[in-house]
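J.: Make a model of this:
(2 chains)
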Amino acid sequence: MTRREQGPLLRVSSLTKNYSAIAGCRDVSLDIWPGEVLGIVGESGSGKTTLLNCISARLEPTMGSVEFMTRTDGMVDLYKMSEASRRFLMRTDWGFVHQSPRDGLRMGVSAGGNIGERLMAVGDRHYGDIRSAASDWLEKVEFDLGRIDHMPTTFSGGMQQRLQIARNLVNGPRLVFMDEPTGGLDVSVQARLLDLLRALVSELKLSVVIVTHDLAVARLLAHRLMVMRGGEVVEAGLTDQVLDDPQHPYTQLLVSSVLQP
Amino acid sequence: MTGLQGSQTRHGYNFAYLDEHTKRMIRRSILKAVAIPGYQVPFASREMPLPFGWGTGGIQVTASILGPDDVLKVIDQGSDDTTNAVSIRAFFAKTTNVRTTEKTADATVIQTRHRIPETPLQPGQILVYQVPIPEPLRWLEPREAETRKMHALEEYGTMHVQLYEDIAKYGRISTSYDYPVIVNGRYLMRPSPIPKFDNPKMDNNPALQLFGAGREKRIYAVPPYTDVKSLDFDDHPFEIQQWDEDCALCGAADTFLDEIVTDDKGGRMYVCSDSDYCGERIAAPSAAQ
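T.: All right, here's what the predicted structure looks like:
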């Protein structure tokens, strides 16, 4: 099947989330197609994270709908399906990479256990298989295999983040949400992580929604870009187009604010 | 079970210490627990005249089901004569005047801390466990709201992470007590800190098994003849403990053994942890073989 016949993987229609009187995000619509990386950029407080939480079924929107193309039942509204199937979806077809690895990892469980957890959660009951899948993934994220039984607390920030990515990708999700995956890492580690992410995304044909305030990250990873400000999308388009020829004054400000070394 | 026992009160206390309304409330929780095997039913746990952690959950369950005709046995780590067992037995003897026994076969209600008697239980008997932490998912997930949701949606896959960690660290499943089980093919349950040696005894047991957690305010149950399956991996199946020696007193080769240090020169012996079972075998060696 071609992409067009398949339709979008995730469809968000006029999504609004209000926090009492304040709008977290307002009237956002977007489609994510299979294999596409969508970047959401904007300053702090612009509603990026609210939007990400709403479309990843972690925060119910005030208005609007979020539909996902399930493997069996076609397009399904996330907030109308049962909680059981929504949670099943979250641990099979989806991944979520948190900014802080501490939020996404079990810090009291070894690296191998962290990766194996998602396999066991969907019913894998063969220790040898789980172990070899964990080793494979550690290799893919450039880990020293000798550290498979070490605790995440003994890893550096960059290693923890790579472990979190492996843990999310181990059972072949189709859609991965990332919230500032490179935040808090130093520049050389960031570069390595971005390189790894880019390779994995194209190898696995993943769809990714990545939220970042770092335009360089967006430039490297995202195919398409959405610029948010005050809860609204002010500009959207192909990444290079938005960054090289920004139309909206805010986007122009954002692009011109980037420090050139 | 018990009616109003006003005439039998002693020192101004009601039969079995708790008032009748409390006992009725606990019995209702027990009925619900029996109806949903392995499900943790909240109940309004009372203060008892001993600290939480000393068996207050088990005592409240026992107090609620005890009638004047019952025969009570209390064991602590398999033994009838350790502090916890002696004081709980004395407590019920004082507040109910029921007959107490050390013989497993004679008891109608057995309150236990950390063992299941070696003598097979019979239909009609009730085994009451003292439970410190009822929630099997607690080590993995500290939020109560989340663990309840995991039970409701039967999301137990992550429980195997604990066993995975054991094998990764020690090459085998080293969890040796409080070994998680699935009850009736549905609810994940913590069997209280009994050794995993006792886990197979819970499966299809003819006796009713009740679990009381006083501090955590939960009651759960395994009705008679219910499937109880210990978690494991396909390539690391569930195993029980084994010893190189037999019991030094009665010679039993198939019981749970305690190691007893006999002097300060490294001398030690292994004896049955179930003192009643061991004593019976010594008293009637021919019958035991």
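J.: Can you get me a residue count around residue A:20?
T.: Counted with other Cβ atoms under 10 Å in any protein chain shown, the neighbours of residue A:20 add up to 5. Using the backbone N, CA and C atoms, a C-beta is placed for each residue, glycine as well.
J.: Quick check: the gap between it and residue B:164.
T.: Counting by Cβ to Cβ, to the nearest Å, the gap from residue A:20 to residue B:164 is 44 Å.
J.: And for residue A:87?
T.: Counting by Cβ to Cβ, the separation of residue A:87 from residue B:164 is 21 Å.
J.: before we move on, what about residue B:181?
T.: 17 Å.
J.: repeat for residue B:121
T.: Counting by Cβ to Cβ, the separation of residue B:121 from residue B:164 is 33 Å.
J.: Looking at those two, which is more packed in?
T.: Applying other Cβ under 10 Å to residue B:121 and residue B:164 shows that residue B:164 carries more neighbours, namely 27 against 21.
J.: right, and the more buried one touches residue A:116 too?
T.: Yes - with contacts counted by Cβ atoms under 8 Å, residue B:164 reaches residue A:116, the gap being 5.5 Å.
J.: what do those two both touch?
T.: Residues touching both residue B:164 and residue A:116 by Cβ atoms under 8 Å, 6 or more residues apart in numbering or on different chains: residue A:130.
J.: Please work out how many residues are found near residue B:99.
T.: Neighbour count for residue B:99, taken as other Cβ under 10 Å: 14.
J.: Kindly apply the preceding question to residue B:107 instead.
T.: Using other Cβ under 10 Å, residue B:107 has 26 other residues around it.
J.: quick one, what contacts it?
T.: Contacts for residue B:107 (Cβ under 8 Å, 6+ apart) come out as B:71-73, B:101, B:125.
J.: What segments of the stretch 101-250 of chain A are strands?
T.: A:175-179, A:207-212, A:224-229, A:232-238 (DSSP state E, counting those that start in this stretch).
J.: Now mean neighbour count, distance to chain B and mean pLDDT too, for the ones you listed, in CSV please.
T.: Output for the strands of the stretch 101-250 of chain A, formatted as CSV (neighbours: other Cβ atoms under 10 Å in any protein chain shown; distance: least, Cβ to the nearest Cβ, whole Å; pLDDT from 0 to 100):
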stretch, mean neighbour count, distance to chain B, mean pLDDT
strand A:175-179, 24, 20, 94
strand A:207-212, 24, 24, 94
strand A:224-229, 24, 30, 94
strand A:232-238, 17, 33, 94
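J.: So which of the ones you listed is nearest residue B:218?
T.: Closest of those to residue B:218 is strand A:175-179, at 35.9 Å (criterion: Cβ to Cβ).
J.: The residue in the stretch 1-150 of chain A that chain B sits nearest to: what's its closest spatial neighbour, skipping adjacent residues?
T.: Nearest residue of the stretch 1-150 of chain A to chain B: residue A:121, at 3.6 Å (Cβ to the nearest Cβ). Closest residue to residue A:121 apart from its sequence neighbours, by Cβ to Cβ, 6 or more residues apart in numbering or on different chains: residue B:157 at 3.6 Å.
J.: got the phi/psi numbers for the one you found?
T.: Listed backbone geometry of residue B:157 is phi -60, psi -40, with angles given as degrees, to the nearest 10.
J.: who's in contact with the residue of the stretch 51-200 of chain B found nearest chain A?
T.: Closest residue of the stretch 51-200 of chain B to chain A, Cβ to the nearest Cβ: residue B:157 (3.6 Å). By Cβ under 8 Å, 6+ apart, the contact set of residue B:157 is A:117, A:120-124.
J.: And it, how far from residue A:118?
T.: Distance from residue B:157 to residue A:118, by Cβ to Cβ: 8 Å.
J.: Which parts of chain B are strands?
T.: Using DSSP state E, the strands of chain B run over B:41-42, B:71-76, B:99-100, B:109-113, B:126-130, B:181-183, B:187-189, B:208-213, B:218-222, B:228-230, B:257-261, B:268-272.
J.: between those, which gets nearest to residue A:152?
T.: The closest of the strands of chain B to residue A:152 is strand B:187-189. By Cβ to Cβ, the value is 25.2 Å.
J.: max-length helix in chain B?
T.: The longest helix of chain B (DSSP state H) is helix B:20-35.
J.: orientation of that helix relative to strand B:218-222 in degrees?
T.: Put simply, helix B:20-35 runs at 50 degrees to strand B:218-222, going by axes from the mean of the first three to the mean of the last three Cα atoms, to 10 degrees.
J.: pretty sure residue A:27 is in a strand, no?
T.: Yes - assessed with DSSP: H, G, I helix; E, B strand; the rest coil, residue A:27 lies in a strand.
J.: Quick check: closest non-adjacent residue to it.
T.: Nearest to residue A:27 is residue A:14, by Cβ to Cβ, 6+ apart, at 5.2 Å.
J.: Let's verify the one you found: helix, strand, or coil?
T.: Relying on three-state DSSP, one would call residue A:14 strand.
J.: residues near it, how many?
T.: 12.
J.: ok, it - contacts?
T.: A:27-29, A:63-65.
J.: Could you report the distance from residue A:35 to residue A:6?
T.: Using Cβ to Cβ, residue A:35 is found at 10 Å from residue A:6.
J.: Tell me which of the two has more neighbours.
T.: Set residue A:35 next to residue A:6 and count neighbours by other Cβ under 10 Å: residue A:35 wins out with 16 against 11.
J.: In this structure residue A:201 contacts residue A:221, no?
T.: Yes - using Cβ under 8 Å, residue A:201 makes contact with residue A:221 at a distance of 7.1 Å.
J.: got any residues that touch both of those two?
T.: With Cβ under 8 Å, 6+ apart, residue A:201 and residue A:221 have common neighbours A:37, A:208.
J.: Spell out which residues belonging to chain A are near chain B, please.
T.: Contact residues, chain A versus chain B (Cβ under 8 Å from any Cβ of the partner chain): A:83-84, A:87, A:106, A:109-110, A:112-113, A:116-117, A:120-128, A:130-131, A:148-149.
J.: Need the distance between the two termini of stretch A:74-81.
T.: Using Cα to Cα, to the nearest Å, one end of stretch A:74-81 lies 12 Å from the other.
J.: who's in contact with the residue of the stretch 1-150 of chain A closest to chain B?
T.: Taking Cβ under 8 Å, 6+ apart as the test, what residue A:121 contacts is A:91, B:155, B:157-158.
J.: Make CSV from these and add distance to residue B:173 to it.
T.: Listed next are the contacts of residue A:121 as CSV, based on distance: Cβ to Cβ, whole Å:
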residue, distance to residue B:173
A:91, 24
B:155, 21
B:157, 17
B:158, 16
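J.: Quick check: the two most widely separated of those?
T.: Taking Cβ to Cβ as the measure, the contacts of residue A:121 span a maximum distance of 9.3 Å, between A:91 and B:158.
J.: before we move on, back to that, could I get the strands of the stretch 101-250 of chain A in a markdown table, plus columns for distance to residue B:54?
T.: Listed next are those as a markdown table, based on distance: least, Cβ to Cβ, whole Å:
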| stretch | distance to residue B:54 |
| --- | --- |
| strand A:175-179 | 47 |
| strand A:207-212 | 52 |
| strand A:224-229 | 58 |
| strand A:232-238 | 61 |
